[in-house]
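Q: A structural model of the following input is requested.
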Amino acid sequence: MTPEEFNRIMTPMRARLKVAARGIAGDDDRAEDLVQEALLALWAMRSSLSRYESLMGLAVTVMRNKYCDSRRHAALERGRELPEAARAVAPYDMELHDDVALISGQSEKPVAILAIIV
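A: Okay, the predicted model is just below:
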């Protein structure tokens, strides 16, 4: 996918991604960061985007995973113990692996999707 094609597809989705990110993060600044992180991840995997049926769904999944990663990281930074469910997926924590490899299915380890509500 060329940069022009990527921009042509992603630019119209940006406003909808921001709305979804606000729902995930609850904060305008963090929502903007999530949108930027998602677009960067999609840019990194632009050569394989054609095999995905819904780029919007993929982008929202990337944003949700990035948000969960940041929450887990913040909890660890504060020294709080992670909930049992988070400890169960710690070996497969997305921060330990390349997001692009996980999303594109190139990882050999299973990926668990976890929603942490704090």
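
Q: quick one: the helices in this protein, in order.
A: Taking DSSP state H as the criterion, the chain carries its helices at 3-10, 14-25, 28-44, 55-77, 84-88, 99-103.

Q: the first one packs against which elements?
A: Contacts of helix 3-10 with other secondary structure elements, assessed using 3 or more C-beta pairs under 8 Å, 6 or more residues apart in numbering; DSSP states H and E, are made with helix 28-44. Backbone N, C-alpha and C define where each C-beta goes, glycine included.

Q: need the helices of the chain in CSV (columns: mean pLDDT).
A: CSV is the format used below for these (pLDDT from 0 to 100):
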stretch, mean pLDDT
helix 3-10, 88
helix 14-25, 91
helix 28-44, 92
helix 55-77, 88
helix 84-88, 55
helix 99-103, 55
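
Q: in a markdown table: these, plus mean neighbour count.
A: As requested, the helices of the chain are exported to a markdown table (neighbours: other C-beta atoms under 10 Å):
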| stretch | mean neighbour count |
| --- | --- |
| helix 3-10 | 12 |
| helix 14-25 | 17 |
| helix 28-44 | 18 |
| helix 55-77 | 18 |
| helix 84-88 | 12 |
| helix 99-103 | 17 |
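
Q: against C68, how distant is A74?
A: 11 Å (C-beta to C-beta, to the nearest Å).

Q: also V19?
A: 19 Å.

Q: try S47
A: From S47 to C68 the distance is 26 Å (C-beta to C-beta).

Q: same check on E37?
A: With C-beta to C-beta as the criterion, E37 and C68 are 12 Å apart.
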